[in-house]
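Asks: got a structure for you, letters missing:
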């Protein structure tokens, strides 16, 4: 099999709560927030760790990062633009 080109491309964005009041323009701004939620061992976590981030709050399941963002336990969470709509449609249980 020979690939002709990419099948799909996806950007990673840092999501925050709508009324968080944070003004974030670049990675240096992200280093100054209290907590950045990232999935342990995924590409975003590996990249941020390699960039010297010391404010990473890691979890295994990706939904947990979104829950932590929803509950205010992290300030921002990186997520693929293709994955976020799926997670937004899932109910966030308080259990």
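Replies: Now that the structure is in, tell me what you want to look at. Quick caveat, the model's predicted, so the values are computed rather than measured. Numbering: from 1, shown residues only.

Asks: Now do the contacts for residue 75.
Replies: Residues in contact with residue 75 (CB atoms under 8 Å, 6 or more residues apart in numbering) are 16, 20, 22, 33-36, 69. The way it works is simple: take the backbone N, C-alpha and C, and place the C-beta from them, glycine included.

Asks: all helices of the protein, in order?
Replies: 27-30, 43-50, 62-70, 84-88 (DSSP state H).

Asks: now those helices in a markdown table, with distance to residue 10 and mean neighbour count?
Replies: Converted to a markdown table, those look like this (distance: least, CB to CB, whole Å; neighbours: other CB atoms under 10 Å):
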| stretch | distance to residue 10 | mean neighbour count |
| --- | --- | --- |
| helix 27-30 | 19 | 14 |
| helix 43-50 | 11 | 15 |
| helix 62-70 | 14 | 19 |
| helix 84-88 | 10 | 13 |
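
Asks: I'd like to know which of those lies nearest to residue 5.
Replies: Closest of these to residue 5 is helix 43-50, at 20.7 Å (criterion: CB to CB).
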